[in-house]
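Student: Got a sequence here, can you model it:
(chains A and B)
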There are 2 protein chains.
Amino acid sequence: MTKVTAQMSVSLDGYYAGPRSPGDPHDMAAFLEGLEGPGFFRVTRWVIDAMAWRERLGYAGGERSVNSEIVEETFAAAGAYVMGRRMFDGGEIPWGEVPPFRAPVFVVTHREREIVRRQGGTSFTFVTDGIERAVALAREAADGRDVAVAGGGTLLRQVLAAGLLDELELHIVPVLLGDGMRLFDGGLGLDAREGIELTPARVIQTPEVTHIRYAIGPRTKLELDDRGADG
Amino acid sequence: MTKVTAQMSVSLDGYYAGPRSPGDPHDMAAFLEGLEGPGFFRVTRWVIDAMAWRERLGYAGGERSVNSEIVEETFAAAGAYVMGRRMFDGGEIPWGEVPPFRAPVFVVTHREREIVRRQGGTSFTFVTDGIERAVALAREAADGRDVAVAGGGTLLRQVLAAGLLDELELHIVPVLLGDGMRLFDGGLGLDAREGIELTPARVIQTPEVTHIRYAIGPRTKLELDDRGADG
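Tutor: You can find the predicted model right below:
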């Protein structure tokens, strides 16, 4: 059965990149000169080093490791992707003619654009009528495999807030960045006394990163706990 | 050899309590009526349920579990504590005549106050000349065991930013709170292209909470990663 999943690499203090670089996300030179890049490359280093990622991108080298197996498994599980507009803009050029997704990608955007077809099975469809519609289209396209929310953080929060996410895997990288683009910066639309309960489904520890997968549960009222002295 | 350690229970989105309740932290009724409490009790529920905690507080009930063993181990490792002023103010009354620490506690504060001696080995010494001094006094008092930074979050960040912390254990609770008092809200004094590297030392997974212990490494310059297409 198709699940909607999301994966994100974050620092222990919750950042998935350094402070946001202003300007056109297509401008890779500006990205590399700005503050966003150093944090981004630090938290995604374990991916960049993984054989499974490098093979997908056609790069040489790479490590066969538990981390590489997790990258491979993540790609294999996804039958279609949902992606934020800013992530697409940043990736369009560096992903090249054979992007790593090898599956239909639905980009949530306000700008109409013709479908972009690349080699190796990747296509980018631009969805201008909201995340529910993008997820629904991805579900159809996934053909029984999972729909993966590819990022970025803004889209992930929106999908979570809309109650559309079934599973979240965080790759927690052992570094404190102190500042940057935060995955959980509010914006979940929770009431003040409400939380989203999760169920840990899998934890895999490597020296480079801790992988924790959660099943997303319902919104729940937070109760004051009276199991103190009376207990 | 004495290490300086810290432990903190946090939600997956990094909060250790709900949004900060204004007013006098001695005022438990206000705390319980405010927004801070529900989040605080949610992330510390695994402690409140643990036999080792309940025994220390003289409460009935409690679960013998891996989580309880971790509470016990944490208490046993600490020969002395360093504590923030707000945490002391909030705990002074509920901890009662036999506080759970059973060791000297050094409270970092701006207000002079005579040492407070309680039963069971707990004393509270008020240190008005800074965290370095409080940690130094706790080191002496710890008699070869560890110095534990008991909290709250503000003190923990200060100790970390000052380079005084050797080890950090986060107890990551599977819930998203969406808002509240955030453990890592900046304030680490890092330059924009600098991070604090950590080494995962231990991960213990239970259904209620994931315990991850890190050794704190040096501040390190974040490098742009060129292991892409050239690799």
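
Student: how about the closest residue to A:Val116 other than its chain neighbours, what does it touch?
Tutor: Spatial nearest neighbour of A:Val116, chain neighbours left out: A:Phe124 (4.2 Å); criterion: Cβ to Cβ, 6 or more residues apart in numbering or on different chains. (C-beta placed from N, C-alpha, C; glycine too.) Counting by Cβ atoms under 8 Å, 6 or more residues apart in numbering or on different chains, A:Phe124 makes contact with A:Met83, A:Phe88, A:Val105, A:Val107, A:Ile115, A:Val116, A:Arg118.

Student: For the one helix or strand A:Phe124 maps to, which strands pair with it and how are they oriented?
Tutor: In this assignment (DSSP states H and E), A:Phe124 forms part of strand A:123-127. Here strand A:123-127 has these sheet partners by DSSP bridges: strand A:104-108 (parallel), strand A:116-117 (antiparallel).

Student: Among those strands, which comes closest to A:Gly187?
Tutor: For A:Gly187, the closest of the strands paired with strand A:123-127 is strand A:104-108, at 15.0 Å, according to Cβ to Cβ.

Student: if we can go back for a sec, report the beta-bridge partners for the residue nearest to A:Val116.
Tutor: Applying DSSP bridges to A:Phe124 yields these beta-bridge partners: A:Val105, A:Val116.

Student: now A:Ile216
Tutor: With DSSP bridges as the rule, A:Ile216 is bridged to A:Leu198.

Student: what's the neighbour count on it?
Tutor: A:Ile216: 22 surrounding residues under other Cβ atoms under 10 Å in any protein chain shown.

Student: and the helix or strand bottoming out on mean pLDDT in chain A, what other elements does it pack with?
Tutor: Among the helices and strands of chain A, helix A:28-33 carries the lowest confidence by mean pLDDT, DSSP states H and E, at a mean of 80. On a contact count with 3 or more Cβ pairs under 8 Å, 6 or more residues apart in numbering or on different chains; DSSP states H and E, helix A:28-33 meets helix A:85-95.

Student: Averaged pLDDT, the helix it packs on. What do you get?
Tutor: On average, the pLDDT along helix A:85-95 is 92.

Student: what comes up buried for stretch A:36-51?
Tutor: Neighbour counts over stretch A:36-51 (16 or more other Cβ atoms under 10 Å in any protein chain shown) mark A:36-51 as buried.

Student: can you give me how far the next helix or strand after the least confident helix or strand of chain A is from the chain middle?
Tutor: Remark: after helix A:28-33, the chain's next helix or strand is helix A:36-43, criterion DSSP H and E. Here helix A:36-43 is found 15 Å from its chain centre; the criterion is Cα atoms, centre = their mean, to the nearest Å.

Student: Need the contact partners of the helix or strand following helix A:36-43.
Tutor: Remark: after helix A:36-43, the chain's next helix or strand is helix A:45-48, criterion DSSP H and E. Residues from elsewhere that reach helix A:45-48 (Cβ under 8 Å, 6+ apart): A:9, A:41, A:53-54, A:67, A:71, A:171, A:173, A:206, A:208-209, B:225, B:227-228.

Student: now swap in stretch A:129-139 and tell me
Tutor: The contact list for stretch A:129-139 (Cβ under 8 Å, 6+ apart) reads A:2, A:4, A:80-82, A:104, A:106-108, A:125, A:127, A:147, A:155, A:158-159, A:162, A:164.

Student: Can you flag the buried ones in these?
Tutor: Buried residues within the contacts of stretch A:129-139, counting neighbours by 16+ other Cβ under 10 Å: A:2, A:4, A:80-82, A:104, A:106-108, A:125, A:127, A:147, A:155, A:158-159, A:164.
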